Structure formats: structure tokens, C-alpha cells
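>>> Would you be able to build a 3D model of this:
(one chain, ligands or ions: 4)
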Amino acid sequence: KVEPGSDDRFLFYSEEMDQRAKDHLRLETELRAALADNQLELHYQPKVSLRSGRIVGCEALVRWRHPERGMVSPAEFIPLAEETGLIFEIGGWVLEEACRQIRAWKDAGLAMPPVAVNLSARQFDRRLPSRILAVLDRHGVLPQQIMLEITESLLVGGADNVIAIMNELVAMGLALALDDFGTGYSSLAYLKKFPISTLKIDRSFVIGLPDEENDCAIARAIVTMAQQLRQEIVAEGVETPEQMAFLRDLGCDQLQGYLFSPAVTAVEFARMLRDGERLMVGRATAT
Ligand code: C2E
Ligand code: MG
Ligand code: MG
Ligand code: MG
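Ligands and ions are numbered 1, 2, ... in the order given. Here you go, the predicted structure:
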């Protein structure tokens, strides 16, 4: 016996799924066009040293300047790009653009700190090191200038080839950071196997500092662990002076967050590097 209304419900779900598939397809088509049409941009968010209060690095974050919808967040299109394989082209563009920009900054006489680039797990294949080397060479950029941010999902498989690729990248002179740390499943024992020089505490644990006891305990455990493993520790999403003070007392090395600056355009970042540092010193070292 057929339940009354079950047909309607089925119809409803299938229409909804249909709509989602259409939205996906449209976004994918638009994203392809965006790549061809130069609608992607890199913005740069400073990383501030807790010791000196200076900008000691930055993270390149991709932005999509959509002709009708304005700025589209990577949170909206990176997952789709990963699904469809477009991430290979986007990832290639991001690396190329970061190196082109670093070259231009250097040519303009700026003292450039390392620039971190986010990598999706799918980009992590055996040809990655030689691809990166080719881009660096093309722009005359040293590998020491680049840090790669990867996520725990890459480690969890623990595949030998992942470790081999990481070792190759590190041997080339690139640094590896583990992004969004604490949101995945890696353990202390696990981390030791990978040549990672920097841990980034995920924003979700920073939000509750210093009031949420659980977040404080997690942040403390992560910093202690990183210190044992001689890794640098960066906290992301720092928005308040109270969070900054707590992280400083824990012995965190670098902070990133709206308290200092959101990701800004290349022009704005160059300006900050040139003369914005006093502002950082004032904020980061205020006790
Ligand atoms: P992520 O790598 O963890 O980057 C940090 C995100 O937190 C960025 O969001 C940044 O703008 C945001 N953020 C920084 N400080 C604060 C803060 O104080 N408060 C708050 N509420 N947010 C803050 P965004 O730029 O939207 O990027 C989102 C995610 O998209 C990134 O997370 C990264 O996973 C991914 N992504 C961005 N660019 C790329 C890229 O070029 N390639 C790949 N594969 N992924 C990228
Ligand atoms: Mg990142
Ligand atoms: Mg992160
Ligand atoms: Mg994050």
C-alpha cells in the first residue's frame, strides 16, 4: 500500500536534487569561465610574530570576483573544484600567481617574508614537486620563499607515497604547514612521521579562548605537542586582544586573524609591508 503523499515527497526530493545538480553545473561552468577570464585573484593575510609584533609571513587566499555576484568565498567554490577536478587548474593558477607576485614584490625592493599557499589533497601527486619546481624556476623564486599549507585528511591515509612526496618537497627547500589542526584525526604519533615544520591551530579552538575551558585545554595541548616536536605554531582566526594574550602566554609563535588584518589585495599588502608594521608592533606587543 502506498502511503498518501509519498509520491509528492519523492517528487519534492528529486526536484530538489535536480536543482542542486543544476546549480553545481552552472557554478562549474562559471568557474571554468572565471579561470579563462581572469576573475580569480589572490589576497594576502599577514602572519604576525608574537615576539616581534612584525609581519613574518602571509597566506595567499584565492578570491573569485564574480561579474554579478561580487566576491565569492573559496569556501563556496573550492569544494566544488575538488569534486570536479578543476582544482588542478585553480591550484596551478594560484601557485603561478603567487610566484609572479613574489617576483614583482622583490623587483620592487620589498623584503618578502615567506608566502603560504594552500594545497588540496587532490593536488598531492607524484608530479607535484617537479611542477612546483618549474613554476619557481619560471619566476626566479627560491623554494624557501614558499610554504605549503596542507590538511590532516592527507595524513590520515598515511600512504608511503605521501610521505615520499613531502620529503621531496622539503628536500627542495619548501616548508610544510599543517592547516586547520585539531579538526581531523591525526595523533601525536602520527605527526612524527611527516616532515611538517608548522602547525596551525584551527580557528574553531581559538574562538572560545580564554573563556571556554575545553578550547583552552585543546589549545594548550596543541602548543605543548608542537613544542615537543619542535614545530612552529600559528594560531588562525585571532580576533580579540584576550585571545592574543592567552596564545602569547601559551608560547604560540605566530598569529593570524582579523585582530591584525583580514586578507588584503596585493597592493594593500605591499603597503603594509612597507610602512604598516608599527601598527602591528603596537597591537601585538601591547600588554
Ligand atoms: P584556511 O586555509 O584555513 O584559511 C583561513 C580562512 O579563515 C580564510 O578564509 C581567512 O580569510 C579566514 N580568516 C582569517 N582570519 C580570520 C578571523 O580572524 N576570523 C574569521 N572569522 N575568519 C578568519 P577564506 O579566505 O574564505 O578561505 C577559506 C578556505 O578556503 C581556506 O581555509 C582554505 O582551506 C581554502 N582556500 C583558500 N584559498 C585556497 C587556495 O588557493 N587553494 C586551496 N586548495 N584552498 C584554498
Ligand atoms: Mg590555510
Ligand atoms: Mg587554516
Ligand atoms: Mg581554517
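>>> from memory Thr84 sits against Thr29, does it?
No - between Thr84 and Thr29 there is no contact under CB atoms under 8 Å: 10.3 Å. C-beta here means a position set from N, CA and C on the backbone, and glycine is covered the same way.
>>> Look at Leu110 and tell me its secondary structure.
State at Leu110, reduced to three classes by DSSP: H, G, I helix; E, B strand; the rest coil: coil.
>>> Sorry, wrong one. I was asking about Leu148.
strand.
>>> separation between it and Tyr258?
Leu148 sits 24 Å away from Tyr258, going by CB to CB, to the nearest Å.
>>> More neighbours: which of those two?
Leu148 (22 against 12; other CB atoms under 10 Å).
>>> Would you mind listing the residues in contact with the residue of the chain found nearest ligand 3?
Taking CB to the ion as the measure, the chain has Asp179 as its residue closest to ligand 3, at 4.1 Å. Shown in contact with Asp179 (CB atoms under 8 Å, 6 or more residues apart in numbering): Asn118, Glu149, Ile150, Thr151, Lys200.
>>> now, which of those residues lie close to ligand 1?
Restricting those to those within reach of ligand 1 (CB under 6 Å from any ligand atom) leaves Asn118, Glu149.
>>> now the contacts of Asp179 as CSV including neighbour count?
Shown next, in CSV, are the contacts of Asp179 (neighbours: other CB atoms under 10 Å):
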residue, neighbour count
Asn118, 19
Glu149, 19
Ile150, 23
Thr151, 20
Lys200, 26
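>>> Need the contacts of Asp179 in TSV (columns: distance to Gly57).
As requested, those are exported to TSV (distance: CB to CB, whole Å):
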residue	distance to Gly57
Asn118	14
Glu149	11
Ile150	16
Thr151	18
Lys200	11
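>>> Just give me the least confident of the contacts of Asp179.
pLDDT across the contacts of Asp179 is lowest for Thr151, at 90.
>>> Let me see the ranges of the helices in the protein.
6-36, 74-84, 87-107, 128-139, 153-156, 160-172, 188-192, 203-206, 213-228, 241-250, 266-275, 277-285 (DSSP state H).
>>> next one: the fifth one to chain centre, how far?
What separates the centre of helix 153-156 from the centre of its chain is 15 Å, taken as CA atoms, centre = their mean, to the nearest Å.
>>> touching ligand 2 at all, it?
No - Helix 153-156 lies out of reach of ligand 2 by CB under 5 Å from the ion, never closer than 13.0 Å.
>>> So which bits of that helix are buried?
Neighbour-count burial for helix 153-156 flags Leu154, Leu155 (criterion: 16 or more other CB atoms under 10 Å).
>>> Spell out whether that helix and ligand 1 are in contact.
No - Helix 153-156 stays clear of ligand 1 (CB under 6 Å from any ligand atom), getting no nearer than 11.0 Å.
>>> Touching that helix from outside, list them.
Identification of contacts with helix 153-156 by CB under 8 Å, 6+ apart yields Ala121, Phe124, Val162, Leu178, Gly184, Tyr185, Ser186, Tyr190, Leu191, Phe194.
>>> got the residues of this structure near ligand 2?
Asn118, Glu149, Asp179.
>>> go with 8 Å
Taking CB under 8 Å from the ion, the part of the chain that reaches ligand 2 is made up of Glu59, Leu61, Ala116, Asn118, Glu149, Ala177, Asp179, Asp180, Lys200, Glu236.
>>> tell me the contacts of the last one?
This means Glu236. With CB under 8 Å, 6+ apart, Glu236 has these contacts: Asp180, Lys200, Ile201, Asp202, Arg203, Val206, Gln256, Gly257.
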